[in-house]
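J.: Take this sequence and fold it.
(one chain, ligands or ions: 2)
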Amino acid sequence: MDNSGMDDRALMQRCLTLARRALGRTAPNPLVGSVIVQAGTIVGEGFHPAAGQPHAEVFALREAGDRAHGATLYVNLEPCNHYGRTPPCSEAIVAAGVQRVVVGMVDPDPRVSGGGIARLRQAGIEVTVGIEEADCRKLNEAFVHRIVHQRPFGILKYAMTLDGKIATTTGHSAWVTGAAARAEVHQLRATCDAVIVGGNTVRRDNPLLTSRQATTPLRVVMSRSLDLPLDAQLWQTAIAPTLVFTEATAKPDVQKVLRQQGVEVIESTSLTPAAVMAHLYDRGCLSVLWECGGTLAARAIADGAIQKVLAFVAPKIIGGSTAPSPVSDLGFTTMTEALLLEQLQWRSIGSDLLIEGYLPIERLTLKDIRTN
Ligand SMILES: NC(=O)c1ccc[n+]([C@@H]2O[C@H](COP(=O)([O-])OP(=O)(O)OC[C@H]3O[C@@H](n4cnc5c(N)ncnc54)[C@H](OP(=O)(O)O)[C@@H]3O)[C@@H](O)[C@H]2O)c1
Ligand SMILES: [Zn+2]
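T.: Ligands and ions are numbered 1, 2, ... in the order given. Presented below is the predicted three-dimensional model:
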């Protein structure tokens, strides 16, 4: 019986498991894992640990040594075929005498897509493409978005009560969800490259926004007024770096105090979510977590800065006709205009529910939205 299909899938899943070890560390590079199999035995494994480090295939080939000759190499992303900081993996695979290569997905960059596969085939290597492709794409969704759109992948995360409030009428919000959901948020932060809040959230919640894990994202505050407390937890830059975006000439005295504490302050003439995302793209971010309140969230959606939504829903009712909700005005007046999330998933975490979905792509830039 031919069970190679099953083996290919299991070994591709092994590549994804290896790749995940570097979650939150590879930006702007993708998450890649590789496995080499000789006569039914794994003889080499590797993953790409960080930008500037060797690629996954190089580690797997090193471990396999001579046993790579005549072997099958698995990798979740098409091997590179260009000289970057390291020589191309395609050449290393050819030189090692690998007989077959199984690729999870082609490189999303249209300029190089298919080039690595073509080079391997040209050298007489059998290449199978598209094994566990959906899982491969999902793992690198931020990387794919970055390459295709030249912007980081935006995730809007919020916690709300069952009646749709993210805080009480007085702005109190600690805590909407239980401990397990909050631990999940720390986990999520560790996988993102930046996390963003607005000035009002700093004033109301004084958040720390760390992951409590080895990798912590860049903490970003968007504040036009710069009317911010001088003793906010976010200014403790020994724990993690903080970046404040503000409008030009806003409160030079506050800017000075922040800079003295190691906070990076960037002034811009027009402070929009799109401008901040453009800046974070230039800094190499793959994924950006929006943990702001409803005002900024609405602006970010309207600007096309959000691709995915993670909504934690607590089985609580707080009431309050003026209590804030996760997304303020989008300018819609009829229910038919609502943004319908796609690829919906949900699961329970403690006594809370996590609902996950993607914003419809054709509505990515909502030019017709009137906010503000
Ligand atoms: N449960 C949750 O998941 C959650 C998460 C976050 C916040 N909250 C709650 O949400 C409330 C705050 O909501 P919020 O909507 O005011 O949140 P926010 O996250 O503070 O966003 C609004 C602030 O962003 C700044 N900003 C910068 N550029 C902007 C632009 N182009 N458009 C709009 N704002 C811009 C402004 O700061 P300046 O005023 O400083 O100029 C503005 O006040 C608080 O009560 C907080 O507890 C809840
Ligand atoms: Zn490579």
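J.: export the one helix or strand L120 maps to as PDB, just CAs?
T.: L120 is located in helix 115-122, with elements delineated by DSSP states H and E. Extracted C-alpha coordinates of helix 115-122, given in PDB (Å, rounded to 0.1, in the frame of the first residue of the first chain):
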ATOM      1  CA  GLY A 115      12.200  30.200  -8.900                       C
ATOM      2  CA  GLY A 116      13.500  27.900  -6.200                       C
ATOM      3  CA  ILE A 117      11.200  25.000  -7.300                       C
ATOM      4  CA  ALA A 118      12.300  25.500 -11.000                       C
ATOM      5  CA  ARG A 119      16.000  25.400 -10.000                       C
ATOM      6  CA  LEU A 120      15.500  22.100  -8.100                       C
ATOM      7  CA  ARG A 121      13.600  20.500 -11.000                       C
ATOM      8  CA  GLN A 122      16.200  21.700 -13.400                       C
END
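J.: buried stuff in it?
T.: Across helix 115-122, burial judged by 16 or more other Cβ atoms under 10 Å covers G115, G116, I117, R119, L120. Where you see a C-beta, it was placed from the backbone N, CA and C, and this is true even at glycine.
J.: In the stretch 201-350 of the chain, what residue spans correspond to strands?
T.: Per DSSP state E, counting those that start in this stretch, the stretch 201-350 of the chain carries strands over the ranges 218-222, 242-247, 264-268, 287-290, 308-314, 342-349.
J.: So for H145, which of these sits nearest?
T.: The closest of the strands of the stretch 201-350 of the chain to H145 is strand 287-290. By Cβ to Cβ, the value is 8.5 Å.
J.: Near ligand 1, which residues of the protein are found?
T.: 158-159, 166-167, 171, 173, 176, 197-201, 204-205, 222-225, 227, 271-272, 291-296, 299, 324 (Cβ under 6 Å from any ligand atom).
J.: Run through the bridge partners of the closest residue to R224 other than its chain neighbours.
T.: Spatially, and ignoring its direct neighbours in sequence, R224 is nearest to E247 (5.0 Å; Cβ to Cβ, 6 or more residues apart in numbering). Following DSSP bridges, E247 is listed with bridge partners S268.
J.: Let me have the buried residues of helix 115-122 in JSON lines, adding pLDDT as columns.
T.: Formatted as JSON lines, the buried residues of helix 115-122 follow (pLDDT from 0 to 100):
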{"residue": "G115", "pLDDT": "96"}
{"residue": "G116", "pLDDT": "97"}
{"residue": "I117", "pLDDT": "98"}
{"residue": "R119", "pLDDT": "97"}
{"residue": "L120", "pLDDT": "98"}
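J.: tell me the contacts of the residue in the stretch 201-350 of the chain that ligand 1 sits nearest to?
T.: Nearest to ligand 1, among the residues of the stretch 201-350 of the chain, is G293, at 1.9 Å (Cβ to the nearest ligand atom). For G293, the contact set (Cβ atoms under 8 Å, 6 or more residues apart in numbering) comprises I166, A167, V197, G198, N200, T201, R204, P324.
J.: One more pass at 7 Å, please.
T.: I166, G198, N200, T201, P324 (Cβ atoms under 7 Å, 6 or more residues apart in numbering).
J.: Tell me which entries of those residues lie within helices.
T.: Residues from the contacts of G293 lying in helices, with DSSP state H as the criterion: N200, T201.
J.: Helices of the stretch 251-372 of the chain, residue ranges please.
T.: For the stretch 251-372 of the chain, the helices defined by DSSP state H, counting those that start in this stretch cover 252-260, 273-282, 294-302.
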